[in-house]
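Student: sequence and computational prediction follow.
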Amino acid sequence: MKLKGWRAAAASFVAGALAALAMPPLYWLPLAVLGIVVFVWLWETAAGPRSALLRGWAWGIGHFSVGSYWILEAFSVPPAQYELLGPPIVAGLAALLGFFPGLAAATARWAADRWPALAGRYRRLILLAVAWTIAEWLRGHLFTGYPWNPLGHVWAFATPLLQGAALVGVYGLGTVTFLVLAAPTAGWRSSVAALVAIGLAGAAGEAAMVPIAGGGPLVRVVQPNTAQSEKWRPEARARHLAKLVEMSRRDGFDRLAAVIWPETAPPFIIEPGSPALMTMATAAPPGGYLLTGAARGTGQRQDGVWNSLLVIDRAGAILAHYDKVHLVPLGEYIPFHRQLAPVSGFIGRGSFEEGLSRMTLAMPGLPSFSPVICYEVIFPAAVTGPGARPAWLLNVTNDAWFGLSSGPYQHLASARLRAIEEGLPMIRAANTGVSAVIDAYGQVLAALDMQKEGVIDHAIPPARPATPYGRWGDWLLLLFLAALATGLLVLRPRDRRLRP
């Protein structure tokens, strides 16, 4: 891999693009090995930190171009079709996100060049893995954050291999994943050790997934499979709402504690006294509730509209609501949209208002839960409300914008990781899929696949005792990385040729 100039950048780009194919739903894991091995080789042969930065950046551009291609789908949804804007926006996003692998490569190379004691086949991998993890963490937090497809998601095809996230979160899982995938660069012994580590991690994860006694009441998840291009047509709104009610009231309705609709399910802005509320109330089971995503207004136009989760009873009263806190930049809100109203009007999009804080809702007859709306579920350590720990998580989403692309499946993987990290079950209601019942180990107990219409009746699974990551969050990740950094100082290189 002694490539230079544009050839090295091209090899990096291709390696990153191939590595993205190991993410859901393909899980082509050998390509992740190839991608990371090439990343390490090109890092080692770079002339210095600047060269390492450019090579890592090219790798990231390729990786995120393939990993985020599904965003293009949203630009072709009628009636607001902006196909020509899609490619430059996705390319720009890939260039921005690609900077983080570049940052990891440059920082690790600077450290290796500055401190010769860090030389050695094992030290170089530990150093690079720590830098990679810090860069992934920064990607998940800077500029509102975008922790989509962290490296640990390559194991989502095997739930036992995900269980380490209960200890160090998905970022810490990514550290170990990087070391395992990069093992061939350190020789055949390291490759064998990586295979043994995968086997041991799988066995330990399987042993940790012990059955949990208990469980909650029966709920119904409704997946209407309403096309985004049809949802908000004025002449079809009443029909869409009637369909949601009909599906909610199918056989077994009287046994339910709650009916759950997806994000912004009713095709109206729901305000106090809204005529749609009485129709929606008929979807609340006797003695239970309708839990629905909705565009919520106050009745005062100047107040704005929120992307919310509403709790509605049989009388049509809104008993509680949660307003989405972490909105999608440019997708759900225009920064400074109130101060720059002419600009946001020119763009042609409305803007939701930001919610005040995450919360846990407790209703009589229903175990306490924390709502998580769509995009919010991709953020580790940020899915529960303050105060007492909830009994379950409720994720409502609308991935209809993205068709049959990889996006909805990658979104589901994030939801499963949040359940593992918190040790809490999750009920997931999606407009066009994937709706799912996920237990506290991240196992999908029941699901409705993409573009399927139907309902899921299932008891709320029981929670686990609070996990270490659920208790202390990224402090454990910091401790883990500090332990690895300490290992850099005490681990002696075995290959004399690599001694400083």
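Tutor: Cool, got the structure.

Student: domain boundaries for this protein, per the record?
Tutor: 5-209+474-498, 218-463 (automatic domain parsing).

Student: quickly find the element holding residue 34.
Tutor: helix 29-44 (DSSP states H and E).

Student: and that helix, what does it pack onto?
Tutor: helix 5-19, helix 49-67, helix 86-114, helix 121-139, helix 165-181 (3 or more C-beta pairs under 8 Å, 6 or more residues apart in numbering; DSSP states H and E). Any C-beta I mention is one placed from the backbone N, CA and C, and that applies to glycine too.

Student: tell me the gap between it and the middle of its chain.
Tutor: 24 Å (C-alpha atoms, centre = their mean, to the nearest Å).

Student: may I see the buried residues of that helix?
Tutor: Under the neighbour-count criterion of 16 or more other C-beta atoms under 10 Å, helix 29-44 has 29, 31-44 buried.

Student: tell me what angle it forms with helix 121-139.
Tutor: 100 degrees (axes from the mean of the first three to the mean of the last three C-alpha atoms, to 10 degrees).

Student: could you list the low-confidence segments of the stretch 201-350 of the chain?
Tutor: For the stretch 201-350 of the chain, the stretches with pLDDT under 70 are 334-350.

Student: sorry, back to before: list the contacts of the helix holding residue 34.
Tutor: 1, 3, 8, 11-12, 15-16, 18-22, 52, 55-56, 59, 63, 101, 105, 108-109, 124-125, 128, 151, 154, 157, 178, 181-182, 184-185 (C-beta atoms under 8 Å, 6 or more residues apart in numbering).

Student: tell me the mean pLDDT for that helix?
Tutor: Confidence over helix 29-44 (mean pLDDT, whole number) is 97.

Student: sorry, back to before: between the helices and strands packed on helix 29-44, which one is closest to residue 273.
Tutor: Residue 273 sits nearest to helix 86-114 of all those, at 39.3 Å, using C-beta to C-beta.

Student: how far out from the middle of the chain is that closest one?
Tutor: So, by C-alpha atoms, centre = their mean, the centroid of helix 86-114 is 20 Å from its chain's centroid.

Student: follow-up on the earlier one: among the buried residues of helix 29-44, which one sits closest to residue 462?
Tutor: Residue 462 has its nearest neighbour among the buried residues of helix 29-44 in residue 29, at 31.7 Å by C-beta to C-beta.

Student: what's the separation between residue 368 and residue 319?
Tutor: Between residue 368 and residue 319 the distance is 14 Å, computed by C-beta to C-beta, to the nearest Å.

Student: what's around residue 273, how many residues?
Tutor: Neighbourhood size, residue 273 [other C-beta atoms under 10 Å]: 8.

Student: typo on my end, residue 196
Tutor: Neighbours of residue 196 under the rule other C-beta under 10 Å: 10.

Student: tell me the contacts of it?
Tutor: Contacts of residue 196 (C-beta under 8 Å, 6+ apart): none.

Student: give me the element it is part of.
Tutor: helix 188-208.

Student: so for that helix, what gets flagged as buried?
Tutor: For helix 188-208, by 16+ other C-beta under 10 Å, it's 190, 194, 198, 201-202, 205.

Student: toward the C-terminus, what is the element adjacent to that helix?
Tutor: strand 218-223.

Student: check which helices and strands that next one is in contact with.
Tutor: helix 237-248, strand 258-261, strand 426-430, strand 435-438, strand 454-459.

Student: double-check that residue 310 belongs to a strand.
Tutor: Yes - per DSSP: H, G, I helix; E, B strand; the rest coil, residue 310 lies within a strand segment.

Student: dump the residue contacts of the residue positioned nearest the centre of the chain.
Tutor: Residue closest to the mean C-alpha point of the chain, counted by C-alpha atoms, centre = their mean, is residue 378 at 2.6 Å. By C-beta under 8 Å, 6+ apart, residue 378 lies in contact with 146-148, 411, 414.

Student: spatially nearest residue to it, not counting backbone neighbours?
Tutor: residue 414 (4.3 Å; C-beta to C-beta, 6 or more residues apart in numbering).

Student: distance of the nearest residue to residue 118 once chain neighbours are set aside from residue 104?
Tutor: Excluding the flanking residues, the one nearest residue 118 by C-beta to C-beta, 6+ apart is residue 112, at 5.1 Å. Separation of residue 112 from residue 104 (C-beta to C-beta) stands at 12 Å.

Student: more crowded one of these two?
Tutor: Neighbour tally, residue 112 and residue 104, criterion other C-beta under 10 Å: the higher count belongs to residue 104, 30 against 22.

Student: which ones are touching that one?
Tutor: Residue 104 touches 56, 128, 131-132, 134-135, counting by C-beta under 8 Å, 6+ apart.

Student: which stretches in the stretch 301-450 of the chain count as helices?
Tutor: 341-347, 407-422 (DSSP state H, counting those that start in this stretch).

Student: report all helices and strands that the longest one contacts.
Tutor: For helix 407-422, the contact count by 3+ C-beta pairs under 8 Å, 6+ apart identifies helix 165-181, strand 392-397, strand 426-430, strand 435-438, helix 468-472 as packing neighbours.

Student: that one vs strand 426-430, what angle?
Tutor: Using the same axes, to 10 degrees: helix 407-422 against strand 426-430 is 160 degrees.

Student: thinking again about what came up before, what's the closest of the helices and strands packed on strand 218-223 to residue 93?
Tutor: strand 426-430 (22.9 Å).

Student: by contact count, what packs against that closest one?
Tutor: So strand 426-430, by 3+ C-beta pairs under 8 Å, 6+ apart, packs with strand 218-223, strand 258-261, strand 392-397, helix 407-422, strand 435-438.

Student: okay but residue 432 is in contact with residue 448, surely?
Tutor: No - using C-beta atoms under 8 Å, residue 432 makes no contact with residue 448, being 9.4 Å away.

Student: common neighbours of those two, please.
Tutor: Joint contacts of residue 432 and residue 448 (C-beta under 8 Å, 6+ apart) are residue 223.

Student: quick one: which of those two has more around it?
Tutor: Set residue 432 next to residue 448 and count neighbours by other C-beta under 10 Å: residue 432 wins out with 27 against 22.

Student: for residue 72, see how far away that one is.
Tutor: From residue 432 to residue 72 the distance is 17 Å (C-beta to C-beta).

Student: go on, residue 374?
Tutor: Counting by C-beta to C-beta, the gap from residue 374 to residue 72 is 18 Å.

Student: got it, and residue 146?
Tutor: From residue 146 to residue 72 the distance is 17 Å (C-beta to C-beta).

Student: go on, residue 260?
Tutor: Distance from residue 260 to residue 72, by C-beta to C-beta: 30 Å.

Student: these two: who's more crowded?
Tutor: Per other C-beta under 10 Å, whichever of residue 260 and residue 72 has more neighbours is residue 260, with 28 against 18.

Student: can I get the helices and strands packed on strand 426-430 in CSV including distance to residue 359?
Tutor: Output for the helices and strands packed on strand 426-430, formatted as CSV (distance: least, C-beta to C-beta, whole Å):
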stretch, distance to residue 359
strand 218-223, 19
strand 258-261, 17
strand 392-397, 12
helix 407-422, 15
strand 435-438, 21
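
Student: right, and the ones you listed - which one's nearest residue 284?
Tutor: Using C-beta to C-beta, the helices and strands packed on strand 426-430 put strand 258-261 closest to residue 284, at 6.6 Å.

Student: tell me the helix or strand right after the closest one.
Tutor: strand 269-270.

Student: TSV please, covering the helices and strands packed on helix 407-422 and showing mean pLDDT.
Tutor: Listed next are the helices and strands packed on helix 407-422 as TSV, based on pLDDT from 0 to 100:
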stretch	mean pLDDT
helix 165-181	98
strand 392-397	98
strand 426-430	98
strand 435-438	98
helix 468-472	97
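
Student: residue 380 contacts residue 474, doesn't it?
Tutor: Yes - counting by C-beta under 8 Å, residue 380 touches residue 474, with 7.5 Å between them.
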